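> Show me the folded form of this:
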Amino acid sequence: MLKIIDNWLNQITMYRLILYYVSGLWFVALVLSIFKLLPYTPVEFVVSAGFIMGICLVANTVFARVFGAPANTESVYATALILILIVSPTKSTSLLPFLGWVAFWSMASKYILAINKKHIFNPAAFAVALMALTINRSANWWVSSIYLLPFVLVGGLLMVRKIRRFDMVLSFFGAALLSIVGLNVLKGNNPLFVLEKILFYSPILFFGFAMLTEPMATPPTRKLRMLYGALIGFLFNPVAHIGSFYFTPEIVLLTGNIFSYIVSPKEKWVLQLKEKVLSAASVYDFWFKTDKKLNFKPGQYMEWTLGHESQDVRGMRRYLTIASSPTEEGLMIGVKFYPNSSSFKQSMLFLNEGDQIIVSQLAGEFVMPKDTSKKLVFIAGGIGITPFRSMIKYMLDKNEKRDVILLYSNRAPSDIAYKDIFDQAEKKLGMKTIYTVTDQPCPKDWTGENCFIDEMMIKKAAPDYKERIFYISGTHAMVVAFVEVLQKMGVPKRNIVQDFFPGF
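Numbers count the residues shown, from 1 in each chain. Got it, this is the predicted structure:
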């Protein structure tokens with residue numbers, strides 16, 4: 001069952017999933033309103049939702065043009081739907097200006113309250129908090145209805161599984177429950193009664209699944225994300241306050257956003273294409289000019305946004321590993337193109353010199369250990385070679401000698417990318433590289449292996465495998481399979497590092 005779910009999740013982006021999640025909740029709520037299970041009529045639902053969505057779309061279009069940024073409709077829809085789910089549907093046309101003002105400021109915050117072209121706050125949370133502080137009208141978080149709870153929970157678990165942020169979400173829930181239940185126990189209240197109120201009648205689940213997980217506002221590393229979740233969870237206590245100022249859910253999230261920015265400043269860069277080079281069969285390297293030096297570690301990734309028409313279900317954004325080394329001028333990514341590539345990739349293929357792309361969210365912990373004496377094994381499948389290209393080129397340029405073995409699998413010899421870099425590393429640094437292809441038969445002049453990478457090959461290439469740290473990069477199925485193989489071989493879990501993009 002989990003494999004079926006994962007296969008489906010792999011077909012869509014994280015942003016498209018959140019869109020499905022919140023729009024699905026609204027549709028279920030609309031159906032429930034027909035049966036009078038919610039305190040709003042279907043007309044009130046439709047009018048309020050249409051008004052908020054319309055204002056968000058218009059406002060975002062205007063701000064995008066004024067600030068010269070691409071209008072990301074997926075983000076607009078998701079923010080609008082979150083507002084629709086937490087702000088009470090209007091029962092009177094006299095309240096429409098309030099809904100419009102909230103919608104307007106949710107879009108404005110993304111452009112006005114931005115540093116280095118990157119917004120700081122969750123747009124929906126900022127708009128609702130602003131209204132509460134200025135005109136004393138706040139969100140009622142009606143999505144926390146008991147009738148919507150199963151849908152909030154199931155959709156939320158799918159969200160977290162997709163982006164693999166269980167650590168952050170569990171930190172949030174753990175800290176929130178500990179804070180709320182603990183304080184109530186000290187007051188003599190029944191802990192089971194308190195738990196029932198929190199889980200069944202508070203916005204904690206929707207907040208944790210749909211808003212806490214926004215990637216734009218979360219720290220880039222696991223430890224910082226867990227601290228971020230715990231901080232927000234601790235403040236989520238409804239009695240938490242400073243003097244007469246109480247922390248509402250939206251204020252709590254904004255506080256966490258500030259913490260996230262302080263510990264991991266975020267920027268957005270507009271890059272221009274310098275050149276496009278064919279590096280292997282159906283693999284192109286895209287080199288981009290940068291106005292200033294980007295500080296990143298070999299193996300990290302960024303979010304790449306390319307506005308284009310006729311977007312498919314995967315949208316206009318991708319997480320892609322930086323294939324260039326920090327020692328090189330500019331920024332490079334390697335992209336594999338398939339016969340039925342996504343609209344994003346098709347648009348990339350037709351980029352010309354000087355065309356622009358937007359990058360942001362530098363993150364990732366798929367990086368080499370600081371201790372250069374650690375023995376490493378890199379296992380790459382296909383285009384999963386890109387982070388290793390960055391690492392090995394960095395080692396070459398820095399003349400940094402490490403004990404590294406590279407196992408690189410492709411379908412055919414023509415699919416091998418960056419062979420010149422790896423061959424140079426063998427000569428200069430003593431790195432060991434084993435190329436293997438899986439298609440039969442191989443060309444007569446092929447000198448590598450003609451099989452899949454398996455336990456026997458790993459043991460033969462690295463007899464001291466239990467002393468090594470393994471880095472695995474490729475398709476999700478490949479990474480999962482190799483983790484299982486290595487664990488059966490007795491490699492400690494702490495010595496297995498997986499390449500991962502949120503929402504990949």
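
> Extract the C-alpha set from the helix or strand hosting Leu96 and format it as CSV.
Assigned by DSSP states H and E, Leu96 belongs to helix 96-112. The C-alpha trace of helix 96-112 is given here as CSV (Å, rounded to 0.1, in the frame of the first residue of the first chain):
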residue,chain,number,x,y,z
LEU,A,96,-16.6,41.3,2.1
PRO,A,97,-14.3,44.3,2.4
PHE,A,98,-12.7,42.5,5.4
LEU,A,99,-12.1,39.4,3.4
GLY,A,100,-10.7,41.4,0.5
TRP,A,101,-8.3,43.3,2.8
VAL,A,102,-7.0,40.0,4.3
ALA,A,103,-6.6,38.6,0.8
PHE,A,104,-4.8,41.7,-0.4
TRP,A,105,-2.3,41.8,2.5
SER,A,106,-1.5,38.1,2.1
MET,A,107,-0.2,38.8,-1.4
ALA,A,108,1.4,42.1,-0.5
SER,A,109,3.5,40.6,2.3
LYS,A,110,5.2,38.3,-0.2
TYR,A,111,6.6,41.3,-2.1
ILE,A,112,6.8,44.2,0.3
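
> Tell me which other helices or strands that helix touches.
helix 42-67, helix 73-86, strand 118-119, helix 123-134 (3 or more CB pairs under 8 Å, 6 or more residues apart in numbering; DSSP states H and E). Backbone N, C-alpha and C define where each C-beta goes, glycine included.

> most neighbours per residue, which of the ones you listed?
Highest mean neighbour count of the helices and strands packed on helix 96-112: helix 73-86, a mean of 24 (counted as mean count of other CB atoms under 10 Å).

> Could you list the residues in contact with it?
For helix 73-86, the external contacting residues (CB atoms under 8 Å, 6 or more residues apart in numbering) are 15-16, 18-19, 22-23, 25-26, 29, 48-49, 52-53, 56-57, 60, 102-103, 106-107, 110, 123-124, 127-128, 139-143, 203, 206, 210-211, 315-317.

> Residue for residue, what is the longest strand this protein has?
strand 268-280 (DSSP state E).

> And the helix or strand immediately after it in the chain, what's buried?
Where DSSP H and E defines the elements, the next helix or strand beyond strand 268-280 is strand 283-289. With burial defined by 16 or more other CB atoms under 10 Å, the residues of strand 283-289 counted as buried are 283-288.

> Next: stretch 285-304.
Result for stretch 285-304 [16+ other CB under 10 Å]: buried residues 285-288, 294, 296-304.

> what about the closest residue in space to Gln487 that isn't next to it in sequence, how many residues close to it?
Once flanking residues are discounted, Gln487 sits nearest to Lys493: 6.7 Å by CB to CB, 6 or more residues apart in numbering. Look at Lys493: counted by other CB atoms under 10 Å, it has 8 neighbours.

> what's the answer for the one 3 residues further on, then?
Around Ile496 sit 18 other residues, with neighbours defined as other CB under 10 Å.

> Please name the bridge partners of it.
Beta-bridge pairing of Ile496 under DSSP bridges involves Phe470.

> Tell me how far Ala240 lies from Thr255.
10 Å (CB to CB, to the nearest Å).
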